[in-house]
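# predicted coordinates and the sequence they were generated for:
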Amino acid sequence: MAETTRRPLSSAPAASGAGRGGRARESEGLWHRPLVLNLIADVLMMFAALGLTWAAVSWLLARPFFPLREVVLLSPPAQVTSAQLEYVARAAIHGNFFTVDLDQVRADFEKLPWVRRAEVRRRWPDTLELRLQEHQAVAYWTSGDDGDTRLVNRQGEVFVAASNARLPSFAGPQGSAAYVLAHYESFVRRLAPLGHELVGVVLSAREAWQLRLDNDMVIVLGREQDKAPLDERLARFVAAWPQAREGIGVQVAVADLRYPSGFALTPAGTLAMKGKQ
């Protein structure tokens with residue numbers, strides 16, 4: 001008689017149930033970790049406390065508890081008027097000691113025509129300190145691009161302001177004011193022996209120079225030359241000028257120094273007279 005082999009029933013369902021139980025325990029594992037939960041709670045509480053503190057401080061600083069009562073000017077103005085300063089202070093200063101925008105206040109003061117730089121800082125408990133650096137005009141400036149007249153300061157910067165001061169006149173391409181100023185100072189030293197003031201300097205777009213003295217004589221220097229630099233031609237003219245002036249005996253309108261080995265003089269109302277040196 002054949003034997004019947006009996007096999008145990010499959011335990012797969014039990015294993016499946018065990019797997020579901022393991023996944024359930026894994027998904028619930030975070031809630032069974034009190035240390036992690038406490039850490040998360042502490043972090044959330046910290047952020048909440050910081051947010052509340054920031055809100056409270058912002059609210060407190062925005063209250064009218066710290067009003068600004070005074071603006072102290074630390075640098076006596078030379079060109080800026082008290083009326084201009086008062087107008088800007090009233091229009092630009094908003095908020096209290098803590099909330100006032102110092103950068104905006106500084107920018108508004110720097111919009112005044114004669115103000116080059118402004119520095120603003122707080123002084124406890126209710127004061128703003130203001131220090132101004134004003135432009136020091138050294139010449140009038142006419143740009144060859146637009147023809148408008150402005151002013152040049154000691155740093156060679158062009159600015160817009162009203163002035164009736166007695167200053168030399170510069171003219172040149174846009175952006176060349178500092179370059180013209182540097183050459184002006186050199187020209188003044190070179191022309192000092194003539195006994196006349198340099199009142200006008202013109203630089204053309206081709207970088208040719210023309211000078212005008214206070215006796216209305218125009219000195220045409222032209223462009224820089226390798227064989228005859230500007231300083232060399234100007235020094236030669238200055239050295240020869242006393243003798244040339246006595247020889248002509250009349251007022252000279254134009255001195256043309258563009259020649260490498262001499263210069264040409266144009267007396268007022270006459271034709272050019274060339275002098276070789």
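That came in fine, so what should we check first?

# Phe130 - that's part of a strand, no?
For residue 130 the amino acid is Leu, not Phe. Yes - counting by DSSP: H, G, I helix; E, B strand; the rest coil, Leu130 is found in a strand.

# show me the contacts for the closest residue to His196 other than its chain neighbours.
With sequence-adjacent residues excluded and distances taken as CB to CB, 6 or more residues apart in numbering, His196 is closest to Leu213, at 4.2 Å. C-beta: built from backbone N, CA, C; applies to glycine. Residues in contact with Leu213, defined by CB atoms under 8 Å, 6 or more residues apart in numbering, are Leu191, Leu194, His196, Glu197, Leu198, Val199, Ile219.

# okay, Leu213: pLDDT?
As predicted, Leu213 sits at a pLDDT of 98.

# what do you get for Gly22?
pLDDT, read off for Gly22, is 52.

# between the contacts of Leu213, which has the most around it?
The most neighbours of any of the contacts of Leu213, using other CB atoms under 10 Å, belong to Ile219, which has 24 neighbours.

# which ones are touching Gln79?
Gln79 neighbours (CB under 8 Å, 6+ apart): Pro113, Trp114, Glu134, His135, Ala161.

# let's see if you can find the most crowded of these.
Tallying neighbours with other CB under 10 Å puts His135 at the head of those, with 24 neighbours.

# pretty sure it is touching Arg116, no?
Yes - using CB atoms under 8 Å, His135 is in contact with Arg116, at 4.9 Å.

# which residues are in contact with both of the two?
Taking CB under 8 Å, 6+ apart as the criterion, His135 and Arg116 both touch Asn153, Glu157, Phe159.

# bridging residues for the residue nearest to His196?
Beta bridges link Leu213 to Leu198, judged by DSSP bridges.

# any regions of the stretch 51-200 of the chain where pLDDT drops low?
By pLDDT under 70, the low-scoring segments of the stretch 51-200 of the chain are 55-64, 145.

# strands of that one, start to end?
For the stretch 51-200 of the chain, the strands defined by DSSP state E, counting those that start in this stretch occupy 70-73, 115-123, 127-134, 137-143, 149-153, 158-159, 169-172, 198-203.

# can you put the ones you listed in a markdown table and add distance to Ala253?
Listed next are those as a markdown table, based on distance: least, CB to CB, whole Å:
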| stretch | distance to Ala253 |
| --- | --- |
| strand 70-73 | 50 |
| strand 115-123 | 39 |
| strand 127-134 | 39 |
| strand 137-143 | 22 |
| strand 149-153 | 25 |
| strand 158-159 | 30 |
| strand 169-172 | 18 |
| strand 198-203 | 14 |
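
# gap between Ala107 and Ala182?
30 Å (CB to CB, to the nearest Å).

# again, but for Ile248
Taken as CB to CB, the span from Ile248 to Ala182 is 33 Å.

# more neighbours: which of those two?
Using other CB under 10 Å as the criterion, Ile248 and Ala182 rank with Ile248 on top: 14 against 11.

# how about that one, nearest residue that isn't a chain neighbour?
Using CB to CB, 6+ apart and skipping the chain neighbours, the partner closest in space to Ile248 is Pro267 (5.8 Å).

# repeat that for Ala162.
Pro113 (7.2 Å).

# need the contact list for the one you found.
Pro113 makes contacts with Gln79, Phe159, Val160, Ala161, Ala162, as judged by CB under 8 Å, 6+ apart.

# quick revisit: among the shared contacts of His135 and Arg116, who's most crowded?
Asn153 (21 neighbours).
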